[in-house]
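In: Dropping a prediction and its sequence here:
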Amino acid sequence: METVNDNKQQTGLDPALDPILFAIRRLEDVIDHETGLLMEGGAVDLADINASKSRGLRDFNKALGKVVKSVDNAALKTLQPVLDNLRLKLERNCEALKLHLRAVSELTGLIRDALETHEADGTYTARQMRDGLGA
């Protein structure tokens, strides 16, 4: 059974752009997965996600380099809505990462304060000593 490429009919884009579209979809999948995990409070393996993003960007750049040689600028401009959608997903992902980092920072502060309170003998806190307010 033969598979027919219906990309031009489905998206209105030149089939020569398929490698770029494939790379963008892979990047979107990684970004959507990470954003979902961050927003749901799930465990996120940031090293694995970052490696996937790096591979996706490398694949995108390779595909773009090949496609640029075979299509005209007008065809490349038809990618704009797809790239705009990717940008929106990246912005949402960035906001989720900022939220996650703020939460981690707050948690770190709470743990640090608890440790300092536990270590203090009641005369001066570790923070006071560090800031030069003791003895």
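Out: Everything's here; your move.

In: So which residues make contact with the host helix or strand of Arg55?
Out: Element membership of Arg55, judged by DSSP states H and E, is helix 46-70. Counting contacts by Cβ atoms under 8 Å, 6 or more residues apart in numbering, the residues outside helix 46-70 that touch it are 16-17, 19-20, 22-24, 26-27, 30-31, 33-34, 76. Just so you know, the C-beta spots here come from the backbone N, C-alpha and C atoms, and that holds for glycine as well.

In: For that helix, list every residue counted as buried.
Out: Buried residues in helix 46-70, defined by neighbour count with 16 or more other Cβ atoms under 10 Å: Ile49, Ser52, Lys53, Gly56, Asp59, Phe60, Ala63, Leu64, Val67.

In: same thing with stretch 23-37?
Out: So stretch 23-37, judged by 16+ other Cβ under 10 Å, has buried residues Ala23, Ile24, Arg26, Leu27, Glu28, Val30, Ile31, Glu34, Thr35, Leu37.

In: Chain neighbours aside, what residue packs nearest to the third one?
Out: The shortest distance from Arg26 to any non-neighbouring residue, by Cβ to Cβ, 6 or more residues apart in numbering, is to Gly56 (5.2 Å).

In: May I ask which helix or strand of the protein has the lowest mean pLDDT?
Out: helix 7-11 (a mean of 45; mean pLDDT, DSSP states H and E).

In: any weak-confidence spans in the chain?
Out: 1-11, 118-129, 132-135 (pLDDT under 70).

In: again, only this time at 90
Out: By pLDDT under 90, the weakly predicted segments of the chain are 1-14, 41-44, 46, 68-76, 100-101, 103-105, 107, 109-135.

In: Could you pull out the buried residues of the longest helix seen in it?
Out: In the chain, assigned by DSSP state H, the helix with the most residues is helix 80-119. By neighbour count on 16+ other Cβ under 10 Å, the buried set for helix 80-119 is Val82, Leu86, Lys89, Asn93, Ala96, Leu97, His100.
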